[in-house]
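Q: Generate a structure from the sequence data that follows.
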Amino acid sequence: MQKKIIKLALIGNPNVGKTSLFNKLTGLNQKIGNYLGVTVEKKVGYFFHERTLYQIIDLPGVYSIYPSSEDEEIVRKLLNNTDDIDYPDKIIVVADSSNIKKSLLLFRQIQDLGFPVLFVLNMLDEAKKKGLFINIKKLKKFLKTEIVFTNARKGVGLEMIKKKVKDLNRQKKLDFFNLGFRYSFAVNEIKKIYKVNTYKAWYYLAYDGKYLKKRHDINNVKIKYNISSKRLQIKEIVNRYEEIEKIISKTVYRLTSDKEKNYLEFSKKIDKNLIVHPFWGYFIFFFLLFFIFQCVFFWTDPPKKFIEFFFSLIQKKLENFYPGPLNDFLLKGILPGISTVISFIPQIFILLFFLLLMEESGYISRVTFLMDRIMRPFGLNGKSVVPFISSISCAIPAIMSARHIENPRDRLITILATPFMTCSARLPIYTLIISIIIPNYKWCFIQLRGAVLMIMYLLGVFSSLSVSMILHKFLRKDYKSHLIMEIPTYKVPIFTNIFVSLWINIKSFIFNTGRIIILVNVLIWVLGTFGPSENISHQKSFILTKYIKKKELPHSYLGLIGKSIEPIIYPLGYDWKIGIGLLSSLLAREVFISTMDSIYIMDAMSKKNNSLEEKISYKKNREPIYNLATGISLLFFYAFSMQCMSTLVTIKKETKSWKWPIVQFLFMSILAYMTSFFVYQIFK
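A: Take a look at the predicted model:
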């Protein structure tokens, strides 16, 4: 016998605690995807209660059912499409107990659409801090629905929600909204056409009937009665807020104690004088970022060394175990791919931990407000700051952190501009090349090589902002971007919520991004290990092994590809060896270093026991391969090129399409080639 599934939708304004409530109700029994055809994240979870399975979907935060963004369009489509697989049987509207006024508009609209609605007043502790008292009996009488007080972050009120949802039915009395005589005839005609209730007919007229069947019938009715959709929306908002003001005046009272007043005053002073101050706000923010990235670099070093030690032990154990092609494939193809995936986890864990910690405490909202004005001219908003600066460590968790940006266009610009920032993977390449081509001059505390390295980091910032501005000019604006937010009060973080979110994000990275990284690593190994046989007999056999044999790197397919592309990269000042390094570093930029080391070890003209810098600097026929022009050209190439398949895979995962990774790879490759070409021609 198939169990009955009750479908619930979790709806509310942004920052009212919906996600905390969703996590508490579902635990780890949830999955993350995207809505069909769009990049808005879709979270679905499940819970059991009294032999009934409930599916609950956490919808994007909205202020009303009239969409002004892609997120709000998702909610509109779901609530008006009975054929949608996630169309809800019942709805839970979540409100901030300390400010229920802004949630009542959304609640009334959904209620009038005809759904059974449970009104959840979350953040009860915040209401108490502000000295607010809510008369629950009177509020239930006005709203004609069940109401539950909760503190989702602490798990208070969950059982009451489950009990009330089970008994929740459609209200007998519908259509609370007052239409007015002028529009009643038009509404009645729409009711007959669509067989819907009064408010839904009004909504079809006010929304302009987009994406609805029989849209021409709506247009005919609007022309007949001279109706403007915008006017209907304005009339509705005005009328509803008149009702909401009356409800609030009779149900919500402020009983602020001296302690609560002092807390609110202290919080305002902290914000005004420090956190969002025009000077100290930026100073504190960049100090915190400096601290976070110090932690990312220093705290990830021990686990990274442990991971390297662990995999080196495994490699030593397997080296003499059944030697042969299969063993070589496991040691050089599969194992490095797995270690690459696992080595990213400490960085992702630490960076996302601090981001979630700042979000839980209420600080991230203040940073967003602080940075919004600076980022606007570049087509970004305040929420783009954290991904940008996070990419100094690694672009992968930085791109993942762009999920906090609600506006899809701003989020896409942030994702595409982030890889231009100088990440830690570029650092080994920069230091190697700079140490070869730049003299070790010092003036007091200023080192020439250090100044050049700083210039490369500044070049990353400049190119990221420039690309953002270009995308801002050319990407189509579906919705005008506004930063509408309410600054929440400070909260003590609940670490259970942080670790649940961390586990979901890391699990998603391992099973989605990780498997593609391993596949790419295997491909690089195959190309770098095997090459075509020199003695091919077409008459004896057509067996594949006659044509493919294990080869040293210069004679492998990867080596042959490097030599074949040498005419293309020669104008940049590169030889075939650098070409192999460029190709191998597609997996990860820092692979360039190990590839160059392997190549120069096999080079009979290089000095075997010297450092890599000395090997590369060795003059063959008195002509150094890495001269000033080639070195600067290579620096610019790595500054602009997308030499990281992991980043491309992450972009594909976040945008749910190969379109943008392919476009970005081609654009960055062309930009890198052209810039390196001109730089080399100038300096040679």
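Q: Tell me who's in contact with residue 109.
A: By CB atoms under 8 Å, 6 or more residues apart in numbering, the contact list for residue 109 reads 64-65, 199, 203, 240. Glycine gets a C-beta too; all of them are placed from N, C-alpha and C.
Q: Neighbour-wise, which one of those leads?
A: Using other CB atoms under 10 Å as the neighbour test, the contacts of residue 109 are led by residue 203, with 26 neighbours.
Q: helix, strand or coil for it?
A: With DSSP: H, G, I helix; E, B strand; the rest coil as the basis, residue 203 sits in helix.
Q: For it, list the residues it contacts.
A: 65, 109, 113.
Q: Tell me which helix or strand the closest residue to the first one other than its chain neighbours sits in.
A: It refers to residue 65. Leaving aside its chain neighbours, residue 65 sits nearest to residue 109 (4.8 Å; criterion: CB to CB, 6 or more residues apart in numbering). Element membership for residue 109 (DSSP states H and E) is helix 101-112.
Q: Pull out the buried residues from that helix.
A: Across helix 101-112, burial judged by 16 or more other CB atoms under 10 Å covers 103-112.
Q: ok, those vs residue 20, which is closest?
A: residue 103 (15.7 Å; CB to CB).
Q: Do I have it right that that closest one meets residue 17?
A: No - counting by CB atoms under 8 Å, residue 103 sits too far from residue 17 to count as a contact (11.3 Å).
Q: Tell me the residues that contact both of these two, please.
A: Residues touching both residue 103 and residue 17 (CB under 8 Å, 6+ apart) are 94, 96.
Q: quick one, domains of the chain?
A: Taking automatic domain parsing as the reference, the chain has its domains at 5-166, 181-254.
Q: Tell me how far the last one lies from the chain's centre.
A: The reference is to domain 181-254. Put simply, domain 181-254 sits 36 Å off its chain's centre (CA atoms, centre = their mean, to the nearest Å).
Q: again, but for the first one
A: Taking the mean C-alpha point of domain 5-166 and that of its whole chain, the gap between them comes to 23 Å (CA atoms, centre = their mean).
Q: Would you check that my belief about residue 388 contacting residue 422 is correct?
A: No - at 11.3 Å, residue 388 does not count as touching residue 422 under the criterion of CB under 8 Å.
Q: which one of those two has more residues nearby?
A: residue 388 (25 against 22).
Q: who touches the more buried one in this structure?
A: For residue 388, the contacting residues are 398, 414, 417-418, 421, 464, by CB under 8 Å, 6+ apart.
Q: repeat for residue 88
A: 7-9, 57, 78-79, 115.
Q: show me what contacts the closest residue to it other than its chain neighbours?
A: Closest residue in space to residue 88, ignoring its immediate chain neighbours: residue 9 at 3.7 Å, by CB to CB, 6+ apart. Applying CB under 8 Å, 6+ apart to residue 9 gives the contacts 56-57, 59, 78-79, 86, 88, 90-92.
Q: What are the phi and psi values at residue 9?
A: Main-chain torsions, residue 9, degrees, to the nearest 10: phi -120, psi 130.
Q: is it in a bridge, and if so with what?
A: Assessed by DSSP bridges, residue 9 has beta-bridge partners residue 57, residue 91.
Q: what's the pLDDT at it?
A: pLDDT for residue 9: 93.
Q: from what I can see residue 198 touches residue 192, true?
A: No - counting by CB under 8 Å, residue 198 does not reach residue 192; the two are 11.7 Å apart.
Q: Count the residues that sit near the spatially closest residue to residue 154 that is not a sequence neighbour.
A: Nearest non-adjacent residue to residue 154, counting by CB to CB, 6+ apart: residue 494, 6.7 Å away. Applying other CB under 10 Å, we find 18 residues neighbouring residue 494.
Q: Can you give me the distance of residue 494 to residue 292?
A: Residue 494 sits 20 Å away from residue 292, going by CB to CB, to the nearest Å.
Q: Residue 6 too?
A: Distance of residue 6 to residue 292, computed by CB to CB: 42 Å.
Q: between these two, who's got more neighbours?
A: Neighbour totals were compared for residue 6 and residue 292, and residue 292 leads with 21 against 16 (other CB under 10 Å).
Q: Surely the more buried one is in contact with residue 353?
A: No - counting by CB under 8 Å, residue 292 does not reach residue 353; the two are 9.4 Å apart.
Q: So residue 411 is in contact with residue 417, correct?
A: No - under the criterion of CB under 8 Å, residue 411 makes no contact with residue 417, lying 11.1 Å away.
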